[in-house]
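Q: A structural model of the following input is requested.
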Amino acid sequence: MSDTRLPAPFAEIFRQVHEPGDKVAVITPEGRDPGLELAQDVHFSLQTWLDGKVPTDCDLVMFLELMPRLSAAEAGRLATSLARLVRPGGMLFLTAWSTDHSGWNQPGSAWIKSGTRELEQPSSGAHRFFLHDDEVVTLFAAWNVLHHEESPDGFIDIVLMRPESRTVDVSTALYEG
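A: Okay, here's the model as predicted:
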């Protein structure tokens, strides 16, 4: 098992909905197994996702510990990008950080606030992106929320189902504008 945090509700929901033959993509910072013991060919790194080398039309996608590593611009395109990976009726498991997270409230000396929800590490160009309370629901407004939890320590866990029918995602315009 890697150091990627797999929320307990995720593991339980995944066990309930996963069926043999499902097309699964688990995307974590280094492409490691978060403890689900799936085939190795379903694990992808952040860079693999950014390069567009993750399969599309998946039944189940886990996007774990990655949203905090995106820039504000990348986070703004997240719902659209992930919609390409998840088939209609498929599920997305996503973790994020809110501005209640200690990383936002007490950033290390190498990090500076570069926006209302973004930290930057000038020496490496790395980013940390944080959401406001309940903002993840707005970001994925066109999706059906199956599980949503925001802890007081700033961790966000959400399980979403992509609608079967075509919808218009007006929330994307809020982030891209």
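Q: going forward, measure contacts between C-alpha atoms and count neighbours the same way
A: Noted.
Q: where does this structure have its least confident helix or strand?
A: helix 171-176 (a mean of 50; mean pLDDT, DSSP states H and E).
Q: need the strands for the chain, in chain order.
A: Ranges of strands in the chain, per DSSP state E, are 24-28, 43-45, 58-63, 86-97, 112-113, 118-121, 126-129, 144-150, 155-161.
Q: what about Gly52, how many neighbours?
A: 12 (other C-alpha atoms under 10 Å).
Q: is the closest residue in space to Asp133 that isn't next to it in sequence in a bridge, and if so with what?
A: Leaving out its chain neighbours, the residue that sits closest to Asp133 by C-alpha to C-alpha, 6 or more residues apart in numbering is Ser98, at 6.4 Å. Beta-bridge pairing of Ser98 under DSSP bridges involves Leu131.
Q: ok, now which ones touch Ser98?
A: The neighbours of Ser98, taking C-alpha atoms under 8 Å, 6 or more residues apart in numbering as the test, are 130-133, 150, 154-156.
Q: Apply 7 Å and report the result again.
A: 130-133, 154-156 (C-alpha atoms under 7 Å, 6 or more residues apart in numbering).
Q: Over to Phe129?
A: Counting by C-alpha under 7 Å, 6+ apart, Phe129 has contacts 67-72, 117-119.
Q: so where's the protein uncertain?
A: Low-confidence segments of the chain (pLDDT under 70): 1-4, 166-177.
Q: do that again at 80, thanks
A: Applying pLDDT under 80 to the chain flags the ranges 1-5, 106-109, 165-177.
Q: what's the single longest helix in it?
A: helix 8-17 (DSSP state H).
Q: That one: how far from the chain's middle?
A: Centroid displacement of helix 8-17 relative to its chain, using C-alpha atoms, centre = their mean, to the nearest Å, is 16 Å.
Q: buried stuff in that helix?
A: 10, 14 (16 or more other C-alpha atoms under 10 Å).
Q: Give me the angle between it and strand 86-97.
A: Taking axes from the mean of the first three to the mean of the last three C-alpha atoms, to 10 degrees, one finds that helix 8-17 is oriented at 160 degrees with respect to strand 86-97.
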